[in-house]
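Visitor: The following comprises the amino acid sequence and a computationally predicted model.
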Amino acid sequence: MNRIARCRVLGLLFASLAWRGLDLVSPAFGKDDAPPRLPVPSADALRAAEKQIREIFLADFTAAKKASEKSALAGKLWSHAENTEEDAVARYALLDAARVMAVEADEYKLAFNVIDSLAAQFEVHELELKTSALVANAKETRAATAQIEYCELIQTTIDAAARDEQFETASKLMALLATSTAKIKDTARRKPFLTRHAELKQLQSHWTAVTKAKAALAKSPDDAAAHATYGRYLCLLAGDWDKGLPHLAQGTDSKLTTVARQDLDQRTTPEEQLGLADAWWALGQSESGGEKQQLLLRANEWYVTAAESLKGLSRTKADQRIDAIAKLYPNAVELQALLRSRRDGSVQLKGIAPPSGKPKPKGGPDVPAFGELDRELIPKLLNARVQVGIKTVGQEVATFPSKSSRLPDAPFAITLISLNSKFVTPDALSKDDFRRMAGLVNLESFFSNGVEIPQTFFDGFVSGNTLNQLSLVNAGASDATIAALSKLPRLKSLDLTDSTVSDASLDRIASYPALEILGVSRTRVTPQGFKRLTITTLKQLRAENLNLKDADLVAIADIAFLEDLNLSDESLTGEGFQSFRGRAPLKRLNLQHARLSNAGAARIAEISTLQTLTLRNIVLDETKLKALCGRIRVESLTFQESTIPEAALTHLTANPALKLLHVEGTKITGAGWKGAKPQLTVTHVNLSKSALDDAGLTQIARVFPNVTNLTLNETALTDAGLKPLRDLTRLEHLALGRTKVTVKGLVELASLSKLNTLVIPGTVPSSEARAALPQCRNVSTYSNSK
């Protein structure tokens, strides 16, 4: 199975992951290393063991009348079970008694933990036990927080049941989720459950057909129609591509079948990978809703895989597709990227081995000394909606447990922790929790966005030799934070945006030998501090809103290996970029809100290594554009929400190396290109949200005759403006979302044989657009909100 096919992105379940704090429902893990589960003891043996337990704990059972007393007894029985190693029958009976008492006490979290322990050691039906526990407590009246947590458990159990295709159980729990959600009085806190229930209903509508398809395959393994039904459900609804691709490949949908077979084959060259990404992208254009999302996410996996090895226009195409998918499904792509970065080895746990000389814990597997803390912390962190990544012994890629996951029996360590203020409340974690997190010895990635991290965490931090990613955005970081950290020999990425760190911290940061990415936007860092980074391995720097002056850029230009720079300061004129000549090999520059001068534009144009230039919210006149474009040789040029005079547009075509031109969110109409010489190298033009009109499009078609990708969303174009596009014989992708174009105008493009992707206004029926342009395999409706 290829690398992409091993990635499970959970389709419609993605919607619930974001609000649950990236609470990923992982497939089972650690199975190869886990000891075999024991059979459930016989009824006679259990009766004898239960009788003995009742006798030993008679006083406790007699006194356990209140919920709190039953909860305490459940904990006591569970503890005894974990310390009963030799007698498997007694251990099972103790765990089962603990489960019953936890259910009676309405301690569903405790009940689930006990059930997880039971399922890890014995061949019990975990889903049935958890469903039984939830149903038994259905009529209880709870405090608001407790009711929300109860609904969360119902929801995660439904997810597990749906994932295991236990549809009858899932349906039963969906009814319970609906009634339990109604008991939540807070509308805002009730809404996520209602949303998730609606998503599950969409899945449920397919379960009967899936069940029939599975039955058909059991009788006739070559039933193509059954393969198609089952494969489409798994891939395009449940998001289980690993399991679903083989079925799609044997289905009746010729397009899906062809691409699925290609996906199952090994795709080793970047060109093959790009071709497969394009194929999934194309299929996604003809779908909508969750099916479209899954197909485009699949395409995104292959685009990302291919992109780093591609060059030229192929790389540009992949990057544009990646950006487009990210705009459509930002949360899903963010999660996908997180999973990918772990899968591809940015989280690696080297050297973890089972400890020697450590006795096996009673009732459990061997764990390393550090593993005890890791195992103990998991439930607390997940309950606080903290994202956690773990690795078992010898495992290269991290997995992400959820509240309903069974932790691996094999030794494991926490390697990733991510806190986001959208999900983690200020009181969710105590100082002691942070102290215990600091004691984890194999952390490789630690992220906090908006969650303040106490200084005690850094004072006790012991993972300095394994950490490679540290992000403390608006997390209370200070100079004391950096001072408390060791040299961090493996740290590659550090983000201190929105903190109080100053130049004093850069001395320590400069000593990190592997650091490549640094973010210090909106901090107390000064230009003097950047001088301390000159001999580092730094490649990317984000330094926005630091009140930099042009003279300060010389310190940044001295950073020897700097390739990517993001700046945003109104004091900059651009004249300081003369410092970059012959110094840092700058390839990408993103400049915002600067007061660019004529000389400054000329200085930027003199940076010979520059490949991509992005100017946002910047006022440009004809003199500045002439100075900038007359000498610059970038392949990608973007002016976003900037002021550009119409008369100056001819200067944008002066660059003979230009391939991508983005002029988004401006007031240009396109008329300024009248009289300009054709620019034959440009293949991608984006004029979305501009004042482009029909007359202006005539000039664009003349000036950029070789364009293959033309994006004109949210402009004033009408049918009359499309006629000049008939001359763009290489046009492959055209976006006309939220324009005044109708089917009548689209007919004018029938001669464009290479046009295969079309974005249409919401007022144009897709069926009519396809009929007008049958060569377009991919027709979609523009849906971005204003």
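Guide: In hand now; what should we look at?
Visitor: residues in contact with Asp223?
Guide: Ala213, Ala216, Leu217 (CB atoms under 8 Å, 6 or more residues apart in numbering). Heads up, the C-betas are built off the backbone N, CA and C, glycines and all.
Visitor: So for the one helix or strand the first one maps to, mean pLDDT?
Guide: Secondary structure assigned from DSSP states H and E places Ala213 in helix 207-219. Average pLDDT, helix 207-219: 89.
Visitor: Quick check, pLDDT for Phe447.
Guide: 94.
Visitor: Could you number the chain from 51 rather than 1 from now on?
Guide: I'll keep to 51 as the first residue from here, and by that count the last item is Phe497.
Visitor: Now it. Its backbone dihedrals?
Guide: phi -130, psi 140 (degrees, to the nearest 10).
Visitor: again, but for Arg149
Guide: phi -60, psi -50.
Visitor: Output the longest strand belonging to this protein.
Guide: Selection of the longest strand in the chain by residue count, based on DSSP state E, yields strand 462-470.
Visitor: Give me the sheet partners of it and which way each runs.
Guide: strand 437-442 (antiparallel), strand 495-499 (parallel) (DSSP bridges).
Visitor: Tell me which of these sits most buried.
Guide: Mean neighbour count (mean count of other CB atoms under 10 Å) peaks for strand 437-442 among the strands paired with strand 462-470, with a mean of 25.
Visitor: Let me know the average pLDDT across that one.
Guide: Mean predicted lDDT for strand 437-442 stands at 86.
Visitor: Give the burial count for the residue lying closest to Leu670 once chain neighbours are set aside, as a bare number.
Guide: For Leu670, ignoring the flanking residues on the chain, the nearest one in space by CB to CB, 6 or more residues apart in numbering is Ile694 at 5.3 Å. The number of residues packed near Ile694 is 24, by other CB atoms under 10 Å.
Visitor: Arg97 now?
Guide: 12.
Visitor: is it true that it lies in a helix?
Guide: Yes. Assessed by DSSP: H, G, I helix; E, B strand; the rest coil, Arg97 belongs to a helix.
Visitor: From Pro91, how far out is it?
Guide: 10 Å (CB to CB, to the nearest Å).
Visitor: do Ser738 as well
Guide: With CB to CB as the criterion, Ser738 and Pro91 are 67 Å apart.
Visitor: do Ser182 as well
Guide: Taking CB to CB, one finds Ser182 at 19 Å from Pro91.
Visitor: OK, contacts around the residue nearest to Leu670?
Guide: When contacts are taken as CB under 8 Å, 6+ apart, Ile694 is in contact with Leu670, Leu675, Val713, Thr716, Lys717, Ile718.
Visitor: The third one against Ala741, yeah?
Guide: To tie it back to what came earlier, the one meant is Val713. No. Using CB atoms under 8 Å, Val713 is not in contact with Ala741, being 10.5 Å away.
Visitor: Mind checking which of the two has more residues around it?
Guide: Val713 (22 against 15).
Visitor: what about that one, which SS state?
Guide: Applying three-state DSSP: Val713 is strand.
Visitor: gap between the nearest residue to it once chain neighbours are set aside and Ala95?
Guide: Among residues not flanking Val713 along the chain, Phe689 sits closest, at 5.0 Å (CB to CB, 6+ apart). Going from Phe689 to Ala95 by CB to CB gives 78 Å.
Visitor: go on, Gln386?
Guide: 48 Å.
Visitor: Those two - which one has more neighbours?
Guide: Higher neighbour count among Gln386 and Ala95: Gln386, with 21 against 15, using other CB under 10 Å.
Visitor: give me the element the more buried one is part of.
Guide: helix 380-393.
Visitor: what does Tyr142 give?
Guide: Tyr142 belongs to helix 138-154, assigned by DSSP H and E.
Visitor: After that helix, heading C-terminal, what element do we hit next?
Guide: helix 158-171.
Visitor: just the CA coordinates of that next one, formatted as PDB?
Guide: Extracted as PDB, the C-alpha positions of helix 158-171 are listed here (Å, rounded to 0.1, in the frame of the first residue of the first chain):
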ATOM      1  CA  TYR A 158     -19.500   7.600  32.600                       C
ATOM      2  CA  LYS A 159     -15.900   8.700  32.200                       C
ATOM      3  CA  LEU A 160     -14.700   6.300  34.900                       C
ATOM      4  CA  ALA A 161     -16.900   3.600  33.300                       C
ATOM      5  CA  PHE A 162     -15.300   4.100  29.900                       C
ATOM      6  CA  ASN A 163     -11.800   4.000  31.400                       C
ATOM      7  CA  VAL A 164     -12.600   0.700  33.100                       C
ATOM      8  CA  ILE A 165     -14.200  -0.700  29.900                       C
ATOM      9  CA  ASP A 166     -11.000   0.400  28.000                       C
ATOM     10  CA  SER A 167      -9.000  -1.600  30.500                       C
ATOM     11  CA  LEU A 168     -11.300  -4.600  30.100                       C
ATOM     12  CA  ALA A 169     -11.100  -4.500  26.300                       C
ATOM     13  CA  ALA A 170      -7.400  -4.200  26.400                       C
ATOM     14  CA  GLN A 171      -7.000  -7.500  28.300                       C
END
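Visitor: how does this protein divide up, domain by domain?
Guide: As recorded under automatic domain parsing, the domains making up the chain are 257-314, 694-836.
Visitor: so which of those domains gets nearest Arg540?
Guide: domain 257-314 (30.9 Å; CB to CB).
Visitor: Just to check, His734 is in contact with Lys709?
Guide: Yes. In this structure, His734 is within contact of Lys709 by CB under 8 Å, at 6.7 Å.
Visitor: Looking at these two, which one has more neighbours?
Guide: His734 (21 against 18).
Visitor: I'd like the distance between Thr195 and Arg485.
Guide: Thr195 is 25 Å from Arg485, by CB to CB.
Visitor: of these two, who's got more company?
Guide: Arg485 (14 against 9).
Visitor: In the helix or strand that that one is a member of, which residues are buried?
Guide: Element membership for Arg485 (DSSP H and E) is helix 481-488. Across helix 481-488, burial judged by 16 or more other CB atoms under 10 Å covers Asp483, Phe484, Arg486, Met487, Ala488.
Visitor: helices or strands next to that helix in the packing?
Guide: Contact here means 3 or more CB pairs under 8 Å, 6 or more residues apart in numbering; DSSP states H and E; on that basis helix 481-488 packs against helix 419-433, helix 505-509.
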